[in-house]
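> I'll drop the sequence and a predicted model, then ask my questions.
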Amino acid sequence: MGDDYPTLFRSEQMSLMQFLIPTEVAHDTVAELGELGNVQFKDLNPAVNPFQRSFVGEIRRTEEMTRRVRFFESQIQKEKDVVPIRPLYDSAPLLTVGPSAAHNIDELDVTLAEHEKRLVQMNDSYKTLSERTRELVEARHVLRETAVFFEKAETQHTDIRTSFDDSSAPLLQHDDREQQYSSTVQFDLEFIAGTIDRTRISTFERVLWRVLRGNLYMNHTDITEPFVDPATGTETRKNVFIIFAHGDALLAKIRKVAESMGATLYPIDANADKRSDSLREVTARLEDLETVLYNTGLNRRSKLLKIGENLARWQDVVRKEKAIYETMNLFNFDVRRKTLVAEGWVPTRDLTMIQLALRHATEASGTSVVPILHELRTSKTPPTFTRTNKFTEGFQTIMDAYGIATYQEVNPGLFAIVTFPFLFAVMFGDIGHGLIIFFAALYMIYQEKKWAKQELDEILGQFFYGRYIILLMGIFSVYTGLMYNDIFSKSLHIWHSGWDFPEPGSNGVSYAVSNGHMYPFGVDPAWHGADNGLVFTNSYKMKMSIVLGVIHMTFALCLQLPNHIKFKRPLDIYANFIPQMIFLQSIFGYLVVCILYKWSIDWSTRDTEPPSLLNMLIAMLLSPGKVDANAQLYPGQSFIQVVLLLLAMVCVPWMLCMKPYFQWKEIQMIQGQGYVGLNHHNGGHRESTDEVLESEEEGNGRVIVEEMEEEHEQHDFSEVVIHQIIHTIEFCLGCISHTASYLRLWALSLAHAQLSEVLWSMTIEKFLGMSGIFGTITLAIVVVFWFSATVFILCIMEGLSAFLHALRLHWVEANSKHYQGEGYLFTPLSFAKLDEKE
Amino acid sequence: MASIIPVIFILAVVLGLIACGYLFVPKGPHQTTIRTAIMLTFASCYLMWMVTYMAQLHPLITPYRSIKSGESL
């Protein structure tokens, strides 16, 4: 193209380059190109299943590393005290290119595995220790509580002894005597002690009572502190119970029931000394465990801190490696020359940069073999790449959301930089509100650098992304606010008004008198507050909407011309552009001219009444040639209107027939020369003569197309005709409906003005008259309420609404006049973009 | 009396400004963007001003106000 600089007018010119990369340099080359972010690699192995590709092993390894890094991240996030993660720009670099790269990656793999193993071990031991602690705490409670029972029982010792004596058989007298020599406190009712959930204790008691038929004595107390489950954090309250029963069978039953109800049994000795020994032992073990637990916790935390130092760097490295190997999987391995063959789309302008990058990669890796780069000629459509900066990015994105521009067609995003904020402002026009959103945008731009690094939440992120759009919207809104003479629903009296209001007449109505001045800039403030102010404003705004709308559509239509010229489609200029322009102008362009003409005439000096333009247009279409002399706008009107109507009517068959006719003639010509179209192709059989003719006639690209995936022109004549019919109907009906659609410019600005006025009159106006300290305070409160309603309802809600409608006007009304939008986006391998995707 | 002359005069001024915008923007990577933005801004602002001015040149209705008690201007 020979252009020095890229422009936003068209997408960049792209070339398909073939890279021959020696295998040793492959990893480093791809890393370098990824840092550059300028190459979109094609998949040269589309038929290969992902598990059979060459670098599956490396990808698996990087997946393992990613998993480990994610595990660390989740562990760090779960910590109650925040573990700081050192940000990426502050972390120590890790070389992933050059001769030491492979060694570094292996080391990283080993380090990650080690850290993971250590961390998992620590987590497990922490868990086991916590469980052990819990058990010991329960045991301690059991010991304490049972001590209380036994002390109580001691006092009733004699009663128990007597009952025992009665039931004892002669066989037991021997035991009896023996026990008399042992400690006096001992009595041999066997017991079972343990803990159980508080919620279950009553059921437990009832079940036991039923099972043992009342042959038991059970006592239980609450444990005051709840137990916290370390894994889930839930609290459970437990009770200590002790059951006295006699006989092995009964005890066995009790044990079974206890187990089934989820109670934990603890072996308690009947002997008080032994019990106090156990208590001491349990306490000592508990202390030990607590120390160990504390140390494990400290250890774990220090490990996490160390991990936190490097985590960002590891994440970055692992992500890049994965991207590099995935890209390398797209390459073709040429066995003969031991090189990898890659194909990719590159902006032609950046070719020298790519070559420099390749050379840099070879130097860094230490080999002397430079990858070879050469251009491939192809008829495939390249991707669409528009070079944007932080200012134009927002505008380009909102236009791209409708559809990506076809390769090198005129980019509507360029014009949207001004037309979009302008049409927004026509619907939003208020100086005060415009200033509010202007300052909001200014603040966001001021904080740009800081906010770009942070993770903003979804809504704020959207507003931040469009900060430059909002800035321009604000500026234009101030201008249209000046035009509408509206600041927070009041008008400004900057210049001399053109109307004077005399004293009101007998009916209390004051009719303004023109004083010869002309309010030079904007709507005269006399209309504000006038009873028929809306009549004037509505007429003015509606006509303005039509004027702006027709001009916007004409402008969009004219954008077809550069496309037709660039893609060498002269037929389209004569068959599409010219009839469309004539049709649009002869009806709606005429309407605009009439509006302007009617405004420029001083009707007080004319004999005729000013005609209604709407009726005039309808009459022009329904009863052409008949213009009432009393209601005519200018002499000779009927004749001109008939001519215009005929012109418009001629355009319809012109649009319908011209292009299909010429395309039909072309098909005849091609077929006459003996070529066989692809549609008649059966199973790929070709005559030999075709190949000779093919090589001679390179110009007739359509027939020589080899690749099946490419979109080729339809030679089917019926398709052409149908396409043209649809196109014609769409355009003609669209003209009318789109022109009416621009009336939303009026509708939204009316709604905005009315809302603003209602808000003022319902809030501040009612409280302005109040005096005294109470009045001032209420006024202050009302002002705060008014301001927040202004910001939330009028600026944000109305702003979003106007944004949406302005966008619709661009997408439907304007783009349908010229935009094809059939391209695909240029998605290069870019490490910077990887961050955004995460 | 208000006349149509200012409209034509300002049109000439704006066309001149647009021409300046086209000619005097320095070459650089943003030349097209700046040029288009300046030209479109002048054109659209002029259009809106022109429509507002012409709508009030020879108005077909006169404003009237019925003064109700206690109403502020």
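Structure's in. What do you need?

> Can you show me the helices along chain B?
Using DSSP state H, the helices found in chain B span residues B:5-24, B:31-55.

> and the residue of the stretch 151-300 of chain A found nearest chain B, what pLDDT?
The minimum distance from the stretch 151-300 of chain A to chain B, using Cβ to the nearest Cβ, falls at A:Arg300 (53.3 Å). Any C-beta I mention is one placed from the backbone N, CA and C, and that applies to glycine too. Reported pLDDT at A:Arg300 in the predicted model: 88.

> Pull up the residues of chain B that are close to chain A.
Within chain B, the positions adjacent to chain A are B:1-2, B:4, B:6, B:27-33, B:36-37, B:40-41, B:44-45, B:47-49, B:51-68, B:72-73 by Cβ under 8 Å from any Cβ of the partner chain.

> Repeat the analysis, applying 7 Å as the threshold.
Counting by Cβ under 7 Å from any Cβ of the partner chain, the positions of chain B adjacent to chain A are B:1-2, B:4, B:27-29, B:31-33, B:36-37, B:40-41, B:44-45, B:47-49, B:51-52, B:54-58, B:60-67, B:73.

> Leaving out sequence neighbours, find the closest residue to A:Ile437.
The shortest distance from A:Ile437 to any non-neighbouring residue, by Cβ to Cβ, 6 or more residues apart in numbering or on different chains, is to A:Gly474 (4.4 Å).

> Quick check: phi and psi on the one you found?
phi -60, psi -50 (degrees, to the nearest 10).

> With the one 4 residues further on instead?
Phi and psi for A:Val478, reported as degrees, to the nearest 10, are phi -60, psi -40.

> so which of the helices of chain B gets nearest A:Val593?
Nearest of those to A:Val593, taken as Cβ to Cβ: helix B:31-55 at 12.3 Å.

> Need the residues that contact the closest one.
Outside helix B:31-55, the residues within contact range by Cβ atoms under 7 Å, 6 or more residues apart in numbering or on different chains are A:5, A:7-9, A:392, A:414-415, A:417-419, A:422, A:479-480, A:483, A:522-523, A:540, A:543-544, A:547-548, A:551, A:596, A:599-600, B:6-7, B:10-11, B:14, B:17-18, B:21-22, B:25.

> Those in helices, which ones?
A:392, A:414-415, A:417-419, A:422, A:479-480, A:483, A:540, A:543-544, A:547-548, A:551, A:596, A:599-600, B:6-7, B:10-11, B:14, B:17-18, B:21-22.

> where exactly do the strands run in chain A?
A:14-22, A:40-41, A:190-197, A:217-222, A:227-228, A:235-236, A:238-245, A:264-266, A:332-334, A:339-347, A:372-376, A:499-500, A:509-511, A:513-514 (DSSP state E).

> Next, format those as CSV and append mean neighbour count.
As requested, these are exported to CSV (neighbours: other Cβ atoms under 10 Å in any protein chain shown):
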stretch, mean neighbour count
strand A:14-22, 19
strand A:40-41, 22
strand A:190-197, 20
strand A:217-222, 16
strand A:227-228, 15
strand A:235-236, 11
strand A:238-245, 22
strand A:264-266, 18
strand A:332-334, 13
strand A:339-347, 22
strand A:372-376, 12
strand A:499-500, 18
strand A:509-511, 15
strand A:513-514, 13
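
> would you list the ones you listed in CSV and tack on mean pLDDT?
Shown next, in CSV, are those (pLDDT from 0 to 100):
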stretch, mean pLDDT
strand A:14-22, 90
strand A:40-41, 92
strand A:190-197, 84
strand A:217-222, 84
strand A:227-228, 74
strand A:235-236, 80
strand A:238-245, 84
strand A:264-266, 84
strand A:332-334, 81
strand A:339-347, 89
strand A:372-376, 87
strand A:499-500, 86
strand A:509-511, 86
strand A:513-514, 86
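
> Weed out the non-buried ones from the contacts of helix B:31-55.
Buried members of those, counted by 16 or more other Cβ atoms under 10 Å in any protein chain shown: A:7-9, A:392, A:414-415, A:417-419, A:422, A:479-480, A:483, A:522-523, A:540, A:543-544, A:547-548, A:551, A:596, A:599, B:7, B:14, B:17-18, B:21, B:25.

> Isn't the residue nearest to A:Ile437 up against A:His433?
No - counting by Cβ atoms under 7 Å, A:Gly474 stays clear of A:His433, with 8.8 Å between them.

> wait, which of the strands of chain A is closest to A:Arg319?
The nearest among the strands of chain A, by Cβ to Cβ, is strand A:40-41 at 17.2 Å.

> and the closest one, what does it pack onto?
Helices and strands touching strand A:40-41, by 3 or more Cβ pairs under 7 Å, 6 or more residues apart in numbering or on different chains; DSSP states H and E, are strand A:339-347.

> Neighbouring strands - and their directions - for the strand it packs on?
Strand A:339-347 has the following strand partners under DSSP bridges: strand A:14-22 (antiparallel), strand A:40-41 (antiparallel), strand A:332-334 (antiparallel).

> between it and strand A:372-376, how big is the angle?
Strand A:339-347 and strand A:372-376 are oriented at 60 degrees to each other (axes from the mean of the first three to the mean of the last three Cα atoms, to 10 degrees).

> Give the burial count for A:Gln604, as a bare number.
Slight slip there: residue A:604 is Ser, not Gln. A:Ser604 has 7 neighbouring residues, counting by other Cβ atoms under 10 Å in any protein chain shown.

> what about it, distance to A:Glu287?
Distance of A:Ser604 to A:Glu287, given as Cβ to Cβ, to the nearest Å: 107 Å.

> before we move on, what about A:Arg301?
According to Cβ to Cβ, A:Arg301 and A:Glu287 sit 21 Å apart.

> quick one, which of those two is more surrounded?
Taking other Cβ under 10 Å, A:Arg301 and A:Glu287 do not tie; A:Arg301 has more neighbours (14 against 11).

> and stretch A:737-754, anywhere near chain B?
No - Stretch A:737-754 stays clear of chain B (Cβ under 7 Å from any Cβ), getting no nearer than 10.7 Å.

> CA atoms only: put that stretch into PDB for me.
Extracted in PDB, the C-alpha atoms of stretch A:737-754 (Å, rounded to 0.1, in the frame of the first residue of the first chain):
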ATOM      1  CA  SER A 737     -38.800   3.300   8.400                       C
ATOM      2  CA  HIS A 738     -35.300   4.500   9.300                       C
ATOM      3  CA  THR A 739     -36.100   8.100   8.600                       C
ATOM      4  CA  ALA A 740     -39.000   7.700  11.000                       C
ATOM      5  CA  SER A 741     -36.800   5.900  13.400                       C
ATOM      6  CA  TYR A 742     -34.600   9.000  13.800                       C
ATOM      7  CA  LEU A 743     -37.500  10.700  15.500                       C
ATOM      8  CA  ARG A 744     -36.300   9.000  18.600                       C
ATOM      9  CA  LEU A 745     -33.800  11.800  18.800                       C
ATOM     10  CA  TRP A 746     -36.800  14.100  19.500                       C
ATOM     11  CA  ALA A 747     -38.600  11.600  21.800                       C
ATOM     12  CA  LEU A 748     -35.700  11.000  24.100                       C
ATOM     13  CA  SER A 749     -34.700  14.600  24.400                       C
ATOM     14  CA  LEU A 750     -38.300  15.500  25.200                       C
ATOM     15  CA  ALA A 751     -38.500  12.800  27.900                       C
ATOM     16  CA  HIS A 752     -35.200  14.000  29.400                       C
ATOM     17  CA  ALA A 753     -36.300  17.600  29.500                       C
ATOM     18  CA  GLN A 754     -39.600  16.800  31.000                       C
END
